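Enquirer: Sequence plus predicted model, see below.
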Amino acid sequence: MDNFVHSKIPELLTLTNTIVQADIAPYAERVDREGIWPEHSMSALAAAGLFGLQVPAAFGGHGQGLLALSMLTESIGAACPSSALCFGMHCVGTAVIAAKATAFHEEAYLRPIAAGRHMTTLALSESGSGSHFYLPQTSLQVEAGEFVVNGTKQFITNGGHADSYVVSTVAQSDEDDTGDFSCLIVDADTANTQWLAPWDGFGMRGNSSRGLAFQNTRVPLQNLLGTQGDQVWYVFEVVAPYFLMAMAGTYLGVAQAALDAAGAHLRSRRFSHSGQSLAEIETLQTRYADMWMSVEKTRALVREAARRADLGLADALPFLLSCKADAGDTAVRVANDAMTICGGSAYRENSRVAQIMRDARASHVMSPTTDILRTWTGRALLGLPLL
Ligand SMILES: Cc1cc2nc3c(=O)[nH]c(=O)nc-3n(C[C@H](O)[C@H](O)[C@H](O)COP(=O)(O)OP(=O)(O)OC[C@H]3O[C@@H](n4cnc5c(N)ncnc54)[C@H](O)[C@@H]3O)c2cc1C
């Protein structure tokens, strides 16, 4: 990825910031309170042409990489983390489709995505293998010139709202007993699919992370991404980098929101008995400084990871693996400190800081989880295989 592509980021960021202020931030509290999927956010981002962030310029998109993805999700995440997650997962799904797109994928998916007419998302996780999302058990067979899919995915962000789902499967045939797995695009209106219970999350409440069951679901052969057995390539070359940067950006935004809430409260809260503001108390000044340092250190790591990976530098891997874990740690810690600084008024039911705390917690359990990423970072630094 060259400097020319990065030179477009300020313009894309300004556009995103405008949408965040006008269309996303005003409804963020309602998204959390009522647990509604943020259709208003996704429609505004689509109308502004931002659905095509990861679509190559040749098909009408912006042809952007990881730096743009992390900066845009940070901007959205600071206002409405659920919206950032929904947009981020659409972008990750798009990058997976674009990685080895055929002429059919370009026409049926990438051009409509760039035009803001199609939303996709990623359906990898299953309850059986849990956070080991790279080990699907959903089966894939070829029968009468079509794929037949059986299995159940869990936690699909944008579940029930996206137009297509990028699904991971494992081949089951006498000819192919390698255990290799493959990615398919499954259209939303495909027969023999069934959505499971609506999402009712502790945080990220607008996310619509739902389960989807496939029962002898027939999918055209042309919906295969790459070649059969390619999924390991997809997981580590495309899914992981784009997912990690979309999430690192989102949780960096969450951390920034917590810092901002703490700063606003420190400046505005004044005691009636002494006239002193919280900002004048040294303990709180120190706590606030620590929060700011954490956020800025995380931002530097996230930016560095994105730049190195966009440039294709050989040493990008540990930066990429560590930045989502670090952003999650920072978001949870800074949200916790914001709760302390904002006192009882923030502890009241569903305050802004309470929402930030609940949203921040999703970072540690979204796979690759924080604990798994630490192990992978260590292995990458020691020159050991990740798995
Ligand atoms: C808000 C939200 C949105 C999501 N969106 C999507 C999505 O769009 N698409 C999708 O495919 N999935 C999605 N997921 C699923 C997510 O990526 C994980 O697969 C899921 O949260 C795993 O849950 P589990 O209970 O099965 O975890 P488990 O696998 O049971 O893990 C429980 C704990 O054990 C730890 N653990 C497990 N194995 C190891 C190990 N080897 N080393 C160290 N620690 C380990 C984990 O880190 C975790 O802390 C989403 C999840 C959430 C919460």
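Expert: All right, it came through fine. For clarity, every value in this text was computed on a predicted model and none was experimentally measured.
Enquirer: Show me the helices in this protein, by range?
Expert: In the chain, the segments counted as helices under DSSP state H are 3-6, 9-19, 28-34, 39-47, 66-79, 81-99, 103-105, 111-114, 231-234, 240-268, 282-310, 316-347, 352-365, 370-381.
Enquirer: can those go into JSON lines with extra columns for distance to the ligand and mean pLDDT?
Expert: C-beta coordinates here come from the backbone N, C-alpha and C atoms, glycine included. Converted to JSON lines, the helices of the chain look like this (distance: least, CB to the nearest ligand atom, whole Å; pLDDT from 0 to 100):
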{"stretch": "helix 3-6", "distance to the ligand": "26", "mean pLDDT": "78"}
{"stretch": "helix 9-19", "distance to the ligand": "21", "mean pLDDT": "98"}
{"stretch": "helix 28-34", "distance to the ligand": "13", "mean pLDDT": "97"}
{"stretch": "helix 39-47", "distance to the ligand": "14", "mean pLDDT": "98"}
{"stretch": "helix 66-79", "distance to the ligand": "13", "mean pLDDT": "98"}
{"stretch": "helix 81-99", "distance to the ligand": "5", "mean pLDDT": "97"}
{"stretch": "helix 103-105", "distance to the ligand": "20", "mean pLDDT": "98"}
{"stretch": "helix 111-114", "distance to the ligand": "17", "mean pLDDT": "98"}
{"stretch": "helix 231-234", "distance to the ligand": "13", "mean pLDDT": "74"}
{"stretch": "helix 240-268", "distance to the ligand": "9", "mean pLDDT": "98"}
{"stretch": "helix 282-310", "distance to the ligand": "19", "mean pLDDT": "98"}
{"stretch": "helix 316-347", "distance to the ligand": "10", "mean pLDDT": "97"}
{"stretch": "helix 352-365", "distance to the ligand": "4", "mean pLDDT": "98"}
{"stretch": "helix 370-381", "distance to the ligand": "4", "mean pLDDT": "97"}
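Enquirer: Pipe those helices into TSV and attach mean neighbour count per row.
Expert: Listed next are those as TSV, based on neighbours: other CB atoms under 10 Å:
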stretch	mean neighbour count
helix 3-6	12
helix 9-19	15
helix 28-34	17
helix 39-47	19
helix 66-79	27
helix 81-99	28
helix 103-105	13
helix 111-114	23
helix 231-234	18
helix 240-268	25
helix 282-310	17
helix 316-347	22
helix 352-365	23
helix 370-381	17
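Enquirer: Residue 120: which of these is closest?
Expert: Set against residue 120 and scored by CB to CB, the helices of the chain come closest in helix 81-99, at 3.8 Å.
Enquirer: could I get the helices of the chain as a markdown table with distance to residue 59?
Expert: Below are those laid out as a markdown table (distance: least, CB to CB, whole Å):
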| stretch | distance to residue 59 |
| --- | --- |
| helix 3-6 | 15 |
| helix 9-19 | 17 |
| helix 28-34 | 31 |
| helix 39-47 | 16 |
| helix 66-79 | 17 |
| helix 81-99 | 8 |
| helix 103-105 | 10 |
| helix 111-114 | 5 |
| helix 231-234 | 19 |
| helix 240-268 | 17 |
| helix 282-310 | 19 |
| helix 316-347 | 26 |
| helix 352-365 | 32 |
| helix 370-381 | 32 |
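Enquirer: Would you mind telling me which of these is nearest residue 219?
Expert: helix 103-105 (13.0 Å).
Enquirer: Now the closest residue to the ligand within the chain: closest residue in space that isn't a chain neighbour?
Expert: In the chain, the residue found nearest to the ligand is residue 130; the distance is 2.4 Å by CB to the nearest ligand atom. In space, and not counting its chain neighbours, residue 130 is closest to residue 367: 7.6 Å by CB to CB, 6 or more residues apart in numbering.
Enquirer: my guess is that neighbour meets residue 125, correct?
Expert: Yes: in terms of CB atoms under 8 Å, residue 367 counts as a neighbour of residue 125; the distance is 6.5 Å.
Enquirer: okay, these two: which has more neighbours?
Expert: In terms of neighbours (other CB atoms under 10 Å), residue 125 is the more surrounded of residue 367 and residue 125; the figures are 22 against 17.
Enquirer: That one: what's it in contact with?
Expert: Contact analysis of residue 125 by CB atoms under 8 Å, 6 or more residues apart in numbering lists 131, 133, 153, 154, 155, 156, 367.
Enquirer: quick one on the thing from earlier: okay, the residue nearest to residue 130 and residue 99: tell me how far apart.
Expert: 20 Å (CB to CB, to the nearest Å).
Enquirer: next one: residue 89
Expert: 16 Å.
Enquirer: now swap in residue 204 and tell me
Expert: From residue 204 to residue 99 the distance is 26 Å (CB to CB).
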